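**Student:** Got a predicted model here, sequence first, then my questions.
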Amino acid sequence: MQQEITWTIKQFNELSLTELYAILQLRSEVFVVEQNCVFQDMDNKDSYCHHLMGWQGDVLAAYTRIVPPGISFEEMSIGRVVTSPKMRKSGIGRILMNRSIAACYTIYGEAPIRIGAQLYLQSFYESLGFQQSSEVYLEDNIEHIEMLRSPLHAKAQ
């Protein structure tokens, strides 16, 4: 990476308009345009979440939303995991997820984290301690699986 990444995490009501615009722009760039997937990205969950942002200068390079228990799943969750196409192959995705896992435990305590993962990323998430916990299902015409990470895994690392 050429320039240092600055990490920030904010609740929805703390986001500036510029930050919110950058988040929605990056999510649209990757989830709608790049993945050629027409879906409702703004799903009324953002206002309940913390938003983890990795900035390279004034460009949003990586992002996740930290979802409280009871919103997407019974467990807390990490969603809308996205890195800028310009940042791929730099290792930022692994850093982003490790920071997201740590944020979950800091905000909600050490408890299981459940995610809905695109199937092709299964081995990546397994390398972070997640295990498949559902059959393959289609979401927005993309194969997904649910994966669960036990807090016991965190102590084993």
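**Tutor:** Yep, that arrived.

**Student:** got the CA coordinates for the longest helix out of those in the chain in CSV?
**Tutor:** If you go by DSSP state H, the chain has its longest helix at helix 92-108. Provided in CSV are the C-alpha atoms of helix 92-108 (Å, rounded to 0.1, in the frame of the first residue of the first chain):
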residue,chain,number,x,y,z
ILE,A,92,-6.4,-4.8,3.2
GLY,A,93,-9.4,-7.3,3.2
ARG,A,94,-7.8,-9.4,5.9
ILE,A,95,-6.9,-6.3,8.0
LEU,A,96,-10.5,-5.1,7.5
MET,A,97,-12.0,-8.4,8.8
ASN,A,98,-9.6,-8.7,11.7
ARG,A,99,-10.5,-5.1,12.8
SER,A,100,-14.2,-5.9,12.3
ILE,A,101,-14.0,-9.0,14.4
ALA,A,102,-12.2,-7.0,17.1
ALA,A,103,-14.8,-4.3,16.9
CYS,A,104,-17.6,-6.8,17.4
TYR,A,105,-16.0,-8.1,20.5
THR,A,106,-15.3,-4.6,21.8
ILE,A,107,-18.8,-3.4,21.2
TYR,A,108,-21.0,-6.4,22.0
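
**Student:** Pull the contacting residues for the nearest residue to Leu128 once chain neighbours are set aside.
**Tutor:** If the residues on either side of it in the chain are set aside, Leu128 comes closest to Met97, at 5.4 Å by CB to CB, 6 or more residues apart in numbering. The C-beta positions use only the backbone N, C-alpha and C, and glycine is treated the same way. Met97 sits next to Thr64, Ile78, Val81, Tyr125, Leu128 when contact means CB atoms under 8 Å, 6 or more residues apart in numbering.

**Student:** Which pLDDT value goes with the most centrally placed residue in the chain?
**Tutor:** Taking CA atoms, centre = their mean, the centroid of the chain lies closest to Val81, which sits 2.8 Å from it. pLDDT for Val81: 95.

**Student:** Also Gln157?
**Tutor:** Taking Gln157 on its own, its pLDDT is 45.
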